[in-house]
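Q: okay, structure incoming, though there's no sequence with it:
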């Protein structure tokens, strides 16, 4: 695998691209040159990992203006930068702020597949052209100056770089355990495999690595990364300075609105696995549960009877069942034991019945039950502009085999992250146990 350059230049003038390339090479770095010809970029496919992108507004000859011009520029950019590119600084070559603002607004409104930049800057290309060609040192100084007004973007880019360095240090340590000459001769495969296999086996047990090798090695290596990021060296005080600017008033209490809180809680406590389906029985998986299936699993109850144990007050809930019908949906939350998740064993999978309740619920005098011995309310989540929370009731649990997941057609489109699973597990264990034992010897 050959990594892509982290700087890209998109232009329809080869001389401009060549001048920027030469200037970057003089600074011991390189870029991905994207020459646009007849409205087509020279890249064969979209690129990930770009962190600094220079974009010329006028990428085709002619006299395009307004929406037509912005559509052309945006469609070319969409072909170059991948949707999951990651954070990047966008530099638009123009001295006209209104044009820059119109272009980025057009992209934001009409091109959802173009990832949003961490920072957006405008520069006049001609200001950096001199007798000796393009002056990227001057460009770099200008970028640093412009980013000084956006210290949060600078801090986040430094943080991402720290993660990269920590990963590199970890891999370097592993390779350092192999005979140095063998590494240079390319004869390290067997030794590295022994080390990696041992780490994976230590994490999940030797009999379980084959079920998911990547997951096993992650379990063995991520504690190092976590520790490394908590103890980053900062001899010159640069990191402290950067983060002090990014969080300039740490003592001031921040009050977020409901959407902001839901967005952050969703990021912290949930994951939507879009690249692969969630395997039945996965710890934390949240399964869609049609009412008919729910009543099959929990026979002897009506949906209304069960709902009353999730909402309060009881009298208001019973009086407003029709109004409440559109405000909730049933879910099953997988709560497989953590040790079983790491070391898969035969048997059934434990699930807890949850009500997914809109927030706010929108029914006067009715709200979700507060936390108690049997009730666990999650934080608020936000998916597709819908804000909701899950209310789990430990009195309604089910145990299903993998075959039954298929029989009941249970599908999970998202899952709770491990920190939320651990909190639910602790509450469940507290509910299930009653300290104290009467013992007669």
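A: Yes, it's here. Computed from a prediction, not measured in an experiment: that's the story for all the values here.

Q: break this structure down into its domains, please.
A: Domain segmentation of the chain under automatic domain parsing yields 7-149, 154-246, 258-432.

Q: now distance to residue 440 too, for these, in CSV please.
A: C-beta here means a position set from N, CA and C on the backbone, and glycine is covered the same way. As requested, the domains of the chain are exported to CSV (distance: least, CB to CB, whole Å):
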stretch, distance to residue 440
domain 7-149, 64
domain 154-246, 41
domain 258-432, 24
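
Q: those into CSV, with extra columns for mean neighbour count and mean pLDDT?
A: CSV is the format used below for the domains of the chain (neighbours: other CB atoms under 10 Å; pLDDT from 0 to 100):
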stretch, mean neighbour count, mean pLDDT
domain 7-149, 16, 91
domain 154-246, 14, 91
domain 258-432, 16, 89
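
Q: need the three-state assignment for the residue positioned nearest the centre of the chain.
A: By CA atoms, centre = their mean, the chain has its centre lying nearest to residue 267, at 6.6 Å. State at residue 267, reduced to three classes by DSSP: H, G, I helix; E, B strand; the rest coil: helix.

Q: just residue 354 next, same as before
A: Going by three-state DSSP: residue 354 is strand.

Q: and the closest residue to residue 359 other than its chain neighbours, how close does it get to residue 257?
A: Closest residue to residue 359 apart from its sequence neighbours, by CB to CB, 6 or more residues apart in numbering: residue 387 at 4.7 Å. To residue 257, residue 387 is 11 Å away according to CB to CB, to the nearest Å.

Q: now the strands for the stretch 251-400 of the chain?
A: Along the stretch 251-400 of the chain, the segments classed as strands by DSSP state E, counting those that start in this stretch run 270-271, 285-288, 311-312, 328-334, 349-358, 367-368, 375-383, 386-400.

Q: next helix or strand past the top helix by length along the chain?
A: When the chain is parsed with DSSP state H, its longest helix is helix 151-176. Next along the chain after helix 151-176, taking DSSP states H and E as the criterion, comes helix 180-185.

Q: residue 53: which element?
A: Assessed by DSSP H and E, residue 53 sits inside strand 52-56.

Q: how about the contacts made by the residue nearest to the centre of the chain?
A: For residue 267, the contact set (CB atoms under 8 Å, 6 or more residues apart in numbering) is empty.

Q: mind checking how far it is from residue 295?
A: 34 Å.

Q: equivalent analysis for residue 205, please.
A: Taking CB to CB, one finds residue 205 at 39 Å from residue 295.

Q: go on, residue 50?
A: Residue 50 sits 52 Å away from residue 295, going by CB to CB.

Q: what do you get for residue 387?
A: When residue 387 is compared with residue 295 (using CB to CB), they lie 27 Å apart.

Q: next one: residue 86
A: 45 Å.

Q: what of residue 217?
A: Distance of residue 217 to residue 295, given as CB to CB: 43 Å.

Q: again, but for residue 133
A: Counting by CB to CB, the gap from residue 133 to residue 295 is 75 Å.

Q: and for residue 32?
A: For residue 32, the distance to residue 295 - CB to CB - is 57 Å.

Q: and the helices in the stretch 201-350 of the chain?
A: 213-230, 238-246, 258-269, 291-297, 303-308, 314-319, 321-324, 338-342 (DSSP state H, counting those that start in this stretch).

Q: please read the previous query as pertaining to the stretch 51-200 of the chain.
A: Here the stretch 51-200 of the chain has its helices, by DSSP H, counting those that start in this stretch, at 66-80, 97-110, 136-147, 151-176, 180-185, 189-204.

Q: make JSON lines out of those helices and add distance to residue 242.
A: Converted to JSON lines, the helices of the stretch 51-200 of the chain look like this (distance: least, CB to CB, whole Å):
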{"stretch": "helix 66-80", "distance to residue 242": "29"}
{"stretch": "helix 97-110", "distance to residue 242": "25"}
{"stretch": "helix 136-147", "distance to residue 242": "11"}
{"stretch": "helix 151-176", "distance to residue 242": "5"}
{"stretch": "helix 180-185", "distance to residue 242": "35"}
{"stretch": "helix 189-204", "distance to residue 242": "33"}
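
Q: so which of these gets nearest residue 24?
A: The closest of the helices of the stretch 51-200 of the chain to residue 24 is helix 136-147. By CB to CB, the value is 5.4 Å.

Q: show me what that closest one is packed up against.
A: Judged by 3 or more CB pairs under 8 Å, 6 or more residues apart in numbering; DSSP states H and E, the packing partners of helix 136-147 are helix 14-26, strand 89-93, strand 119-123.
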